[in-house]
Each structure stands twice: as structure tokens, then as C-alpha cells.
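1. Predicted coordinates and the sequence they were generated for:
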Number of protein chains: 2
Amino acid sequence: MSEVRWLDETESRAWRGYQAMTDQVTALLQQSMMRQSGLSLSDYAVLVYLSESEDRLRAYELGAALRWEKSRLSHHLRRMEKRGLITRQTCETDGRGLWIVLTARGRQAIEEAAPVHVSDVRRYIIDQLNPSQLEALAEITEKVLGGLPAGDDACAD
Amino acid sequence: MSEVRWLDETESRAWRGYQAMTDQVTALLQQSMMRQSGLSLSDYAVLVYLSESEDRLRAYELGAALRWEKSRLSHHLRRMEKRGLITRQTCETDGRGLWIVLTARGRQAIEEAAPVHVSDVRRYIIDQLNPSQLEALAEITEKVLGGLPAGDDACAD
DNA sequence: GCAACCTAGATGACGTGTCAACTATATTAT
DNA sequence: ATAATATAGTTGACACGTCATCTAGGTTGC
């Protein structure tokens, strides 16, 4: 119930800049990847985790890694399966479970997309910053992430 | 056609952190605003620009300010009008034109949402960072934004 | 062994964002 | 004047993400 502390000038620069940057960078990366590889950034994120995990993961592991809601994950995996990027296989040790398996086509898709994507990330962000800014960005993100409410308790007053 | 320069350790920390931070902060801010004010972040952005512009703007001005595609803007404004947050009025000096006007209800909505939103932004980001990090963030965003391709020429090879 | 609870995942409805047309009005060049 | 083009905005189809709800299979306690 206290008075609001509005943002001062530096705070406002940082916040408005943050918003504009994230909006535009996301849109650019998304467009570029979609045009050149036919993948969305979400597809790419799924494929990255799979290919870093010996090409198969339980769905809930994927969801935890990506921090996605399970319904989002479920919808997305269904669409990716329809496009042949992954398959869904029943789990023998847990009747509720689901293995998500990278297909040959999924592997090919990410191997083609990765170099283009990395060069986009470099061009738009990494190569724009000097070493101390890069280090600062890494520290900033770690600090902010560390301060975020864990899981679903967004109402931690 | 040259070999890809993959990300080194600091670059990777910065980039993975950036992705995780933006994903999660956006999701938290969105949830909080939707729950407490019934507005999406997009609604809020529109209302902010309108209220900073004497409560009325041409649609194309709004689109330029937000850097939204015109179809996105059109869809979004239609939905906002249906909820009574804005009205759309024909422009007398340009037959193609459209004035977007903030309604009393829209003004009330943003005035109620703003303090909550600012305190969320503080809690999740601003207050997590020390003054030099805030300054660094402002500079980083300005540098990245300055390096982005202007408009639609994303294919500037 | 059974009830209560928890976890993994699916589903349908709905709001949102993008893309590719499309309409209509203004501007420019000749 | 008029034809070519540019600008302002709309529309429909479709992919995406969220919420609430549901099913089914585990787990725990008694």
C-alpha cells in the first residue's frame, strides 16, 4: 500500500531498452530461423535439448529443462511429431510416461539450423558487445534469474 | 560459407542466460498483469503510448512506436475496442486513416495497472541489479538496438 | 488391500501473432 | 487527367501459448 517508486532515468533507459531489445531480437531471430530452416525458436529449443541428451528424453524432463507448462509441451510435441521432427514412444517402466525421440529428420533439421542461428545470435547480440559488456550481461542474467520466484509461487509477499 | 564460430564460454553464458531470463521474466510479468489487472502486456503497451500522446494517435503512429506489424496492430485494436479500452474513429483529413482514442475505461485500466507493473519490474529486474549493472544494461540494450537492421531489411548480407 | 493423493500427460476453448492476400485512399510522374 | 505506385488498414487461415479440466497410472499411509 506504499507509494509507487517510479523508475528514474537510468532505470527507465534500462527497462525500455530491455523491452525493445528483447521484442525485436526475438522477432528477428524467429523470422530468420523460420525462413531459412522452417523451424520456430520453440522447435529449435526442443531439438537442442534432445540432441544434447542422446536423442531421447522423457517429456517431463524436457518440460523441466525448458520450463514450459506441460500443456504447452504436449501441444507442441504433437505438432512436431506431425512434422516428423520427433516421435513419441510409450515408456515401459512408467505407464503414464512418454519418451520423446529425435528422428533422423529432426537431427538433420537442427544440424542445418544451428550454424545459421548462431551466426544470427552473433550478429544481433554477441558481436555488438565488447568483452566486459558480455561478462556484464552474463552476470546480469544470472542475478535476475537467481532472484526469480521458483516454480509457481509467483505470489510470495 | 566460412566455418561457424560457435560461442565460447562467456558468450554462451550470456546467451543462454539472456534466453532464460527473457522467457521467464516475460511470462511472470504477463501472468501478474493478467491476474491483477486483466490486461496483457500488449494491451498495456498500447495504453502506455496512447496515454503519453494526449489519448489519441493515428494507428500507423502507434504501429511505428510499438514496431508492430500492421496486421497484428489491426487485430489487437479490434479486440481492445471490443473490450472498451479504446475506440477507433475515422480520420477526416485522410480517408484511409484511423484515430485510436483512449476511453475512460482504458485510462482507468492503465492507471490501476501501472503501479503494480512497475513494482513487478522493480522486483524481478531493477532492484536485483546494482547501479553499475543498471547502467551496463542500458548501454547494452542501446548498442544492440543500434545494430539491428532497420525496418524489414533483415537480409543485409 | 484400499483410499487419498500425486504425477505424467492430453484435450478443448480461447486469445494472440504471422503471413499472404485484399480494399481503398493518397501521391507521384508523365 | 490519368496511370503507376505507395500508404493505411482489414481479413482469413493457421500456428502458438494459456487456462481449466480431464484421464490414467503411480505412491503413500493406514
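-> Sure, I can see it.
2. Can you check what angle separates the longest helix seen in chain A from helix B:9-37?
-> When chain A is parsed with DSSP state H, its longest helix is helix A:9-37. For helix A:9-37 against helix B:9-37, the angle by axes from the mean of the first three to the mean of the last three C-alpha atoms, to 10 degrees is 110 degrees.
3. Spatially central, which residue of chain A would that be?
-> Among the residues of chain A, the one closest to the centroid is A:Ala45, at 5.2 Å (C-alpha atoms, centre = their mean).
4. picking that back up, in the longest helix of chain A, what counts as buried?
-> When neighbours are counted by 16 or more other C-beta atoms under 10 Å in any protein chain shown, the buried residues of helix A:9-37 are found to be A:11, A:13-15, A:17-25, A:28-29, A:32-33, A:37. (Each C-beta comes from the backbone N, C-alpha and C, glycine too.)
5. who does it touch, helix- and strand-wise?
-> Applying 3 or more C-beta pairs under 8 Å, 6 or more residues apart in numbering or on different chains; DSSP states H and E, we find helix A:9-37 packed against helix A:41-51, helix A:104-124, helix B:9-37, helix B:131-147.
6. Check whether that helix comes near DNA strand D.
-> No: Helix A:9-37 is not in contact with DNA strand D by C-beta under 7 Å from any atom of the strand; minimum separation 8.4 Å.
7. burial count for A:Ala125?
-> For residue A:125 the amino acid is Ile, not Ala. Neighbour count of A:Ile125, defined by other C-beta atoms under 10 Å in any protein chain shown: 23.
8. Show me which residues of chain A are close to DNA strand C?
-> Close to DNA strand C, as judged by C-beta under 7 Å from any atom of the strand, chain A has residues A:27, A:30-31, A:34, A:58-60, A:63, A:70-71, A:73-75, A:77-78, A:88, A:91, A:94, A:96-98.
9. one more time with 6 Å
-> A:27, A:31, A:34, A:58-60, A:70-71, A:74-75, A:77, A:88, A:96-98 (C-beta under 6 Å from any atom of the strand).
10. Which PyMOL command selects the buried ones in the residues you listed?
-> Provided next is the PyMOL selection string for whichever of the residues of chain A next to DNA strand C are buried by 16+ other C-beta under 10 Å:
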select buried, chain A and resi 59+77+98
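11. mind listing which of the residues of chain A next to DNA strand C are in strands?
-> The strands in this structure, assigned by DSSP state E, contain A:58, A:88, A:98 from these.
12. could these go into JSON lines alongside pLDDT?
-> Output for these, formatted as JSON lines (pLDDT from 0 to 100):
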{"residue": "A:Arg58", "pLDDT": "97"}
{"residue": "A:Arg88", "pLDDT": "97"}
{"residue": "A:Leu98", "pLDDT": "97"}
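13. Nearest to DNA strand C, out of the residues you listed: which one, please.
-> Set against DNA strand C, the nearest of those by C-beta to the nearest atom of the strand is A:Leu98 (3.4 Å).
14. Let me know whether that closest one touches A:Ala59 as I believe.
-> Yes: counting by C-beta atoms under 8 Å, A:Leu98 touches A:Ala59, with 4.4 Å between them.
15. tell me, what's touching the two both at once?
-> A:Arg88 (C-beta atoms under 8 Å, 6 or more residues apart in numbering or on different chains).
16. Contact partners for A:Glu111?
-> Per C-beta under 8 Å, 6+ apart, neighbours of A:Glu111: none.
17. same question but for A:Ser12, I mixed them up
-> Here A:Ser12 is in contact with no residue (C-beta under 8 Å, 6+ apart).
18. repeat that with 10 Å
-> Contacts for A:Ser12 (C-beta atoms under 10 Å, 6 or more residues apart in numbering or on different chains) come out as A:6, B:126, B:138.
19. show me what contacts the residue nearest to A:Leu7 when sequence neighbours are not counted?
-> In space, and not counting its chain neighbours, A:Leu7 is closest to A:Trp15: 6.0 Å by C-beta to C-beta, 6 or more residues apart in numbering or on different chains. By C-beta under 10 Å, 6+ apart, the residues touching A:Trp15 are A:7, B:118, B:121-122, B:125-126, B:134, B:137-138, B:141.
20. and what of A:Lys70?
-> Taking C-beta under 10 Å, 6+ apart, we find A:Lys70 in contact with A:59-60, A:62-64.
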